[in-house]
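Student: Need a 3D model of the following:
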Amino acid sequence: MAKGKTPAKRARQAEENRLRNKVYKTRLKNMQNNYEAALNENDMEKAQESLLQLTSTIDKSVSKGIIHKNKAARKKSTYTKQFNALSK
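Tutor: Prediction:
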């Protein structure tokens, strides 16, 4: 544990940020699982709704600094390609 006031505060802030980021990452993973489950069931309406929610969650994660913008773009592209391939 940090000995001085400033390092101790940084440690507290880092822990708070870690817990906050964990919530966002878990929410993102749950959205991904919901989308993939809808694709596996071939329920295109549910998959389309899940895809919209997923892309929104990805964008929010980028704005909060949880994931990098290039990773977000790659994920959105991949999920959209999956959806388009199954909708044909």
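
Student: switch to C-alpha atoms for all contacts and neighbour counts from now on
Tutor: Will do.

Student: how near is Thr55 to Thr78?
Tutor: Here the criterion is C-alpha to C-alpha, to the nearest Å. By it, Thr55 lies 11 Å from Thr78.

Student: Mind checking which of the two has more residues around it?
Tutor: The residue with more neighbours, out of Thr55 and Thr78, is Thr55; 21 against 12, by other C-alpha atoms under 10 Å.

Student: And the pLDDT at the more buried one?
Tutor: Predicted confidence (pLDDT) for Thr55: 97.

Student: and Lys64, how far is that from Glu16?
Tutor: Applying C-alpha to C-alpha, the value for Lys64 to Glu16 is 14 Å.

Student: Report all helices and strands that the one helix or strand Gln13 maps to contacts.
Tutor: Element membership of Gln13 [criterion: DSSP states H and E] is helix 5-40. Secondary-structure packing of helix 5-40 (3 or more C-alpha pairs under 8 Å, 6 or more residues apart in numbering; DSSP states H and E): helix 44-63.

Student: what's near enough to touch the residue lying closest to Lys69 once chain neighbours are set aside?
Tutor: Nearest residue to Lys69 in three dimensions, chain neighbours excluded: Val62, at 5.7 Å (C-alpha to C-alpha, 6 or more residues apart in numbering). By C-alpha atoms under 8 Å, 6 or more residues apart in numbering, Val62 lies in contact with 68-69, 72.
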